[in-house]
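1. Model the following, please.
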Amino acid sequence: SKYAPRLIRIKIDVEKIGAVIGPGGKIIRRLQEETDTNIEVEDDGTVTVSAVGEGKAEKAVEMIEALTAEVEMGKIYEGRVVSIRDFGAFIEILPGKDGLCHVSEWDTSYIKDMSTVARVGDEVTVKVINIDDTGRVKLSRKAAMKPARK
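-> A predicted model of the protein is given here:
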């Protein structure tokens with residue numbers, strides 16, 4: 001029944017518990033309000049989501065997985081431009097995780113001024129081309145546009 005209580009249990013990395021709970025419980029409260037669910041996080045990384053109604057618990061689990069996801073090398077993401085600099089654009093590819101798309105990686109042609117080709121809030125498709133030792137993510141819009149070879 002669509003009115004039956006749902007109980008979904010997932011496991012997250014213990015180091016990601018803080019990302020789900022947030023400062024003072026702010027993020028977990030927002031998740032519970034937006035999805036009309038109850039979320040419990042245990043010290044071992046077990047997350048229990050309970051809800052009454054179709055799709056609510058599943059939506060909360062999707063949001064938790066997005067918060068705890070790791071950026072993958074070579075993967076293509078749909079992102080949103082969060083800031084523009086002379087040297088490129090910072091693009092959020094996962095909640096709270098962004099990377100730099102250098103002006104040279106934006107297009108195959110030369111770009112003199114980054115602000116002429118991108119605006120804050122633009123949705124763009126980018127590919128992760130490097131993750132350095134400090135965790136900084138380098139993105140390429142140009143590489144994401146290339147058709148996959150067969």
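
2. So for stretch 45-60, mean pLDDT?
-> With pLDDT averaged residue by residue, stretch 45-60 scores 91.

3. same question but for stretch 13-21, I mixed them up
-> What stretch 13-21 shows for mean pLDDT is 90.

4. Now that stretch: buried residues?
-> The neighbour-count check on stretch 13-21 (16 or more other C-beta atoms under 10 Å) flags 16, 17, 19, 20, 21 as buried. Where C-beta positions appear, they are placed from N, C-alpha and C, glycine not excepted.

5. got CSV for those, with secondary structure too?
-> Listed next are these as CSV, based on DSSP: H, G, I helix; E, B strand; the rest coil:
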residue, secondary structure
16, helix
17, helix
19, helix
20, helix
21, helix
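
6. Closest one to residue 74 out of those, please.
-> residue 16 (21.9 Å; C-beta to C-beta).

7. what residues are up against that closest one?
-> Listed by C-beta atoms under 8 Å, 6 or more residues apart in numbering, the contact partners of residue 16 are 45, 67, 68.

8. I'd like to know how far it sits from residue 125.
-> Look at residue 16 and residue 125: by C-beta to C-beta, to the nearest Å, they are 26 Å apart.

9. How about residue 118?
-> In terms of C-beta to C-beta, residue 118 sits 13 Å off from residue 125.

10. Between the two, tell me which one has more neighbours.
-> Between residue 118 and residue 125, counting by other C-beta atoms under 10 Å, residue 118 is the more crowded of the two (20 against 13).

11. What strand or helix carries that one?
-> Following DSSP states H and E, one finds residue 118 outside all helices and strands.
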